[in-house]
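# just coords:
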């Protein structure tokens, strides 16, 4: 590792597939990449802990630690990527392509490449002189269930002073984002011929009643306490998918409605879920045993930085960028549960995330390396 260039390091990390997907045929173990990262950080003197993440398809977290004492700095990133559409890529997603001062590859921006930035920053840091510990965390399944970060935060093995999650933010500190709850309402009616409606129960009509109540909730959310840190300052509710019926001359026997809520930090998950249940209660009472409501996947909570260590002022000074909120979800709420000041801050643009021909501009190398080195100096020395 000590003689490996930044480009070669980037290439080695991206060359190992680590796709995370709900579909088993796409999902891959991240263990080979975790082993590679473990070797790299071990070569620099870090002690390594590898966690098998429960209820996953052979997924692992890696925690690397160097230095002793309490507090310190955690640099965190996820080891997985989304699936890719091979027909839309102009090159092999698992072979780093350098062109036009950019590095192309799956995970180049979101966000396996962040570990190469960390390793480059550490080349000139006197790690033997740390007065507080430095941690590096690589998590599993961020792109699906966030199972790795959920498990790591629940274990509570460390309590750093500050944590930085290196998602692509264009080196703008992100101190707050909304949560994301996705639910599916399934309605079972009674099918029949449309010529005699009274002999059936039309599931579409029941969903229509549910939609009426959910739209009332949507409007109610606009009057709840607002958060001006967001461009849309209130929690939102969106009706995303509706499916039902088998023909115009049939009474619909089954209908499905999928919807999501993005709640501001002032509306915790349990309260948001309770509002949904409360809104739909009249419809459930009207049609007992015909409706079911389930989370489509585990909710991603909202996030707000504690700023007990004045990390926001430090991040602004080191980056030259004012801290902002974000519209996307990250692992920050789980890392925040460790009791530290958490921000999301990394190289690259979120506009590149999940895109064909994903890339990282080499313009980010020197500024990112400098920010990481200065963060380590300010927190761990």
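Arrived safely, thanks for sending. These numbers come from a predicted model, not from an experiment. Residues are numbered from 1 along each chain as shown.

# Just give me how far whichever strand or helix holds residue 64 sits from the chain centre.
Per DSSP states H and E: residue 64 is located in strand 60-66. In terms of CA atoms, centre = their mean, to the nearest Å, the centre of strand 60-66 is set 19 Å apart from its chain centre.

# Who are the packing partners of that strand?
Taking 3 or more CB pairs under 8 Å, 6 or more residues apart in numbering; DSSP states H and E as contact, the helices and strands that strand 60-66 lies on are helix 31-43, strand 47-52, strand 134-139, helix 147-155. Quick note: C-beta positions are derived from backbone N, CA and C, even for glycine.

# what's the angle from whatever helix or strand residue 371 lives in to strand 60-66?
Take DSSP H and E as the rule and residue 371 turns out to sit in helix 365-380. Between the axis of helix 365-380 and that of strand 60-66 there is an angle of 70 degrees, by axes from the mean of the first three to the mean of the last three CA atoms, to 10 degrees.

# Count the neighbours of the residue nearest to residue 310 when sequence neighbours are not counted for me.
Using CB to CB, 6 or more residues apart in numbering and skipping the chain neighbours, the partner closest in space to residue 310 is residue 341 (7.9 Å). The burial count assigned to residue 341 is 22, neighbours taken as other CB atoms under 10 Å.

# Now do residue 341 against residue 227, distance only.
Using CB to CB, to the nearest Å, we find residue 341 at a distance of 19 Å from residue 227.

# Who are the packing partners of whichever helix or strand comes after the strand holding residue 64?
Using DSSP H and E, the next helix or strand after strand 60-66 towards the C-terminus is strand 73-78. For strand 73-78, the elements it packs on are helix 114-122, strand 134-139, strand 162-165, helix 365-380, judged by 3+ CB pairs under 8 Å, 6+ apart.

# Could you save those as TSV and add columns showing mean neighbour count, mean pLDDT and distance to residue 207?
Converted to TSV, these look like this (neighbours: other CB atoms under 10 Å; pLDDT from 0 to 100; distance: least, CB to CB, whole Å):
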stretch	mean neighbour count	mean pLDDT	distance to residue 207
helix 114-122	24	98	43
strand 134-139	26	98	37
strand 162-165	28	98	38
helix 365-380	19	98	48
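
# Same list, the ones you listed, but as JSON lines with distance to residue 83 please.
Listed next are the helices and strands packed on strand 73-78 as JSON lines, based on distance: least, CB to CB, whole Å:
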{"stretch": "helix 114-122", "distance to residue 83": "20"}
{"stretch": "strand 134-139", "distance to residue 83": "18"}
{"stretch": "strand 162-165", "distance to residue 83": "22"}
{"stretch": "helix 365-380", "distance to residue 83": "27"}
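
# For stretch 211-218, give me every contacting residue.
With CB atoms under 8 Å, 6 or more residues apart in numbering as the test, stretch 211-218 has contacts from 236-237, 239, 257, 259, 275-276, 279-280, 282-283.
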